[in-house]
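# okay, here's the prediction I keep looking at, along with the sequence it came from:
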Amino acid sequence: MSETVVVVVPDADVLASSVAARLVTSIIDAQAVRGRADVVLTGGRVAAKVLRAVKELPASAAIDWSRVDLWWGDERFLPSGDPDRNETQAREALLDALPLDPARVHAMPASDGPDGDDAEAAAARYSTEAGTPQFDVLMLGVGEDGHVASLFPGHPDAEKAGTAIAVHNSPKPPPTRISLSLATIRSAKEVWLVAAGPDKAVSVGAALGGDQSLPAARATGTSRTLWLLDTAAAAKR
Ligand SMILES: O=C1O[C@H](COP(=O)(O)O)[C@@H](O)[C@H](O)[C@H]1O
């Protein structure tokens, strides 16, 4: 039986530090139980704040970073190192400072990668790399329109099957993206939807109200779905 829990904290800074603390604890727990942890990172503004907060947490020293597998929920399909890539932002915020095993950092392919600008092939490559994923924690930002990862409301690609999918004509730039599919997101043990600020209040309220036209409303974990919000993002629930 999966549970949904809504946690509201005062502001974006407290949100970032509390999500970071929760993430560190979850990784420690997963490593104690399974010997490894599989974590899915998200892009976006609050995600970068969370990663920067992890860097400041003394408890993160309890993590064996060489046994952490990092995945991404979505990626802007841009050349490697592009500042708008979610990977680039995560590396700058935290990953470059960690003793990670590079083979366990599963960035989504770039548009100058092995498949060139063929997003379908890049998504297929990522699907193969993920195999049958066993994600312990999958974090998602929530867009003003209720999108999660690169699954946009009303966009036909949001319904695509596959582990990772190519998304074309995204309403938010850049137009080409790679995303985990909704089914893959829903296979994670815990899904955390993290949102801060008044711009998110309408979509968060609608998703929590059960508006199934919003991918955010359909992003649930098999064991637990956590909505981690600041008061501004939670204002219309
Ligand atoms: O483009 C994207 O946007 C969403 C939300 O970002 P935010 O800055 O409004 O929090 C993000 O979750 C997604 O990973 C990213 O590709």
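Looks like it arrived, so ask away.
# now do the helix ranked longest in the chain: which elements does it pack against?
Secondary structure of the chain per DSSP state H: the longest helix is helix 12-34. The helices and strands touching helix 12-34, judged by 3 or more C-beta pairs under 8 Å, 6 or more residues apart in numbering; DSSP states H and E, are strand 3-9, strand 37-41, helix 45-56, strand 137-141, strand 190-195, strand 224-230. C-beta: built from backbone N, CA, C; applies to glycine.
# what lies in contact with that helix?
Counting by C-beta atoms under 8 Å, 6 or more residues apart in numbering, helix 12-34 makes contact with 7, 9, 36-39, 46, 49-54, 56-57, 59-60, 62-64, 67-68, 136-137, 139, 190, 192, 194, 196-197, 226, 228-230, all of which sit outside it.
# wait, does that helix contact the ligand?
No: judged by C-beta under 6 Å from any ligand atom, helix 12-34 makes no contact with the ligand; its nearest approach is 10.2 Å.
# roughly how far apart are the closest residue in space to Gln212 that isn't next to it in sequence and the ligand?
Computed as C-beta to C-beta, 6 or more residues apart in numbering, the closest residue to Gln212 that is not its neighbour in sequence is Arg218, at 6.2 Å. Computed with C-beta to the nearest ligand atom, to the nearest Å, the distance linking Arg218 and the ligand is 15 Å.
# and Arg218, what does it touch?
Contacts of Arg218 by C-beta under 8 Å, 6+ apart are 182, 186, 212.
# got a list of what the first one touches?
When contacts are counted by C-beta under 8 Å, 6+ apart, Leu182 touches 151, 158-159, 215, 218-219.
# gap between Leu94 and the ligand?
Taking C-beta to the nearest ligand atom, one finds Leu94 at 15 Å from the ligand.
# check the closest residue to that residue other than its chain neighbours and give its pLDDT.
Using C-beta to C-beta, 6+ apart and skipping the chain neighbours, the partner closest in space to Leu94 is Leu51 (3.9 Å). Note on Leu51: pLDDT of 98.
# repeat for the one 10 residues further on
If you check Ala61, the pLDDT there is 97.
# circling back: relative to strand 137-141, how tilted is the longest helix of the chain?
160 degrees (axes from the mean of the first three to the mean of the last three C-alpha atoms, to 10 degrees).
# avg pLDDT for helix 12-34?
On average, the pLDDT along helix 12-34 is 98.
# buried residues in it?
Using 16 or more other C-beta atoms under 10 Å as the test for burial, helix 12-34 gives 12, 15-24, 26-28, 30-31.
# between it and strand 190-195, how many degrees?
Here the directions of helix 12-34 and strand 190-195 differ by 170 degrees (the same axes, to 10 degrees).
# interface residues of the chain facing the ligand?
By C-beta under 6 Å from any ligand atom, the residues of the chain that approach the ligand are 42-46, 74, 76, 86, 140-141, 143, 149-150, 172.
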